[in-house]
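Peer 1: Any chance you can model this:
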Amino acid sequence: MERGVIPLSDLDGRFDLQATVESGQTYLWDRADDGMYDDDPALGGSAWYETVVPPLETVGNARAVVRVRQVDGRLEWESSTDAVPILTHLLRLDDNLDAIRSALPDLPLVRRSFDAYPGMRLVRDPPFSTLVSFICSAQMRVARIHGMQIGLAREFGDPVAFDGRTYHAFPTPDTLADATEADLRDLSLGYRAPYVRRTAEMVATNEADPADARRMDYEDAREYLTRFVGPGEKVADCVLLFSLGFLEAVPLDTWIRTAIADHFPDCDCGGYEATSRAIRARLGESYAGYAQTYLFFALRTGRVGEE
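Peer 2: Here you go, the predicted structure:
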């Protein structure tokens, strides 16, 4: 086992691990105390979080178990390998959060949302597991979505031994493509089961790969991801934002549509594409996805408050 620390003073801007991994943008981490999504507010905790990381294109070609917690101004980690580049990638520790916030327009709702969850960063999750996670997200609470992903890993993922325990990797496209719809429905996927199976089949047979969208322009990338079975434009935007690094993406979920109706009504242009362009412009284009994620989390948890 390897262990280490990352001093938070080395980062550009603040960081809060709990807010980052329990904000509804990632469903691939679990809490060692089984308390994922139990805390209100999800901010400032010191619990251990753990995940099995697949080979990452820009980080390494080996699977790794990673555990991390935040205590006393540092991240403490344990892993089967050097976890610093992995955590830097997954948790966007290389972002300059102060510069991002300064680059956003000075809108009261955005300002209050940042103040509610200081240090929350976006994530950079693996593309296939992110795609499956958000296919499962339709009309579901975050805790239920998380439970589905943990169930998929335990039922279909490869076992990985580490530090005397057995963890489970997220299933490969081949494994999920071979699963039956009945198997997937048994994990509470419901009508999403055929979507997950067909999407996995598309990746397994090289018909399409969500990672390919990384090399496209933003709107072309969103259109490409909707070719998979299940994702509409909102799910595609989630994959672009929380996996592929398109920080301008603004998923138009229920909370953001409510924010548009209540605070930015002139951005409601009817259709998804036109409304997306309008709210991206209002939220500052380049980092509009950061603003969206803060708005989503603060509105969902009722922590926006009044000016």
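Peer 1: which stretches of the chain form helices?
Peer 2: Secondary structure of the chain (DSSP state H): helices located at 17-21, 84-90, 97-103, 108-116, 127-135, 142-156, 173-178, 181-185, 193-204, 218-225, 233-242, 254-263, 272-282, 288-300.
Peer 1: Could I get the buried residue list for the fourth one?
Peer 2: Translated: helix 108-116. Neighbour counts using 16 or more other CB atoms under 10 Å place 109-114, 116 of helix 108-116 among the buried residues. Where you see a C-beta, it was placed from the backbone N, CA and C, and this is true even at glycine.
Peer 1: just the angle between it and helix 254-263, please?
Peer 2: Computed by axes from the mean of the first three to the mean of the last three CA atoms, to 10 degrees, the angle separating helix 108-116 from helix 254-263 equals 130 degrees.
Peer 1: Mind giving me the packing neighbours of helix 108-116?
Peer 2: Other elements packing on helix 108-116 under the criterion 3 or more CB pairs under 8 Å, 6 or more residues apart in numbering; DSSP states H and E are helix 288-300.
Peer 1: Contacts for the helix it packs on, please.
Peer 2: Taking CB atoms under 8 Å, 6 or more residues apart in numbering as the criterion, the residues outside helix 288-300 that touch it are 19, 23-25, 100-101, 104, 107, 109-110, 112-114, 116-117, 120, 122, 241, 246-251, 253, 255-256, 258-259, 279-280, 283-284, 303-304.
Peer 1: Measure how far that helix is from the centre of its chain, please.
Peer 2: Centroid separation between helix 288-300 and its chain, computed with CA atoms, centre = their mean, to the nearest Å, is 12 Å.
Peer 1: cool, and stretch 238-245?
Peer 2: When distances are taken as CA atoms, centre = their mean, stretch 238-245 is centred 7 Å away from the chain's centroid.
Peer 1: Using PDB, list the CA coordinates for that stretch.
Peer 2: Extracted in PDB, the C-alpha atoms of stretch 238-245 (Å, rounded to 0.1, in the frame of the first residue of the first chain):
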ATOM      1  CA  CYS A 238     -23.700  15.900 -17.800                       C
ATOM      2  CA  VAL A 239     -21.100  13.600 -19.500                       C
ATOM      3  CA  LEU A 240     -19.400  16.500 -21.200                       C
ATOM      4  CA  LEU A 241     -19.200  18.500 -18.000                       C
ATOM      5  CA  PHE A 242     -18.400  15.900 -15.400                       C
ATOM      6  CA  SER A 243     -16.100  13.600 -17.500                       C
ATOM      7  CA  LEU A 244     -14.900  15.200 -20.700                       C
ATOM      8  CA  GLY A 245     -13.800  18.600 -19.600                       C
END
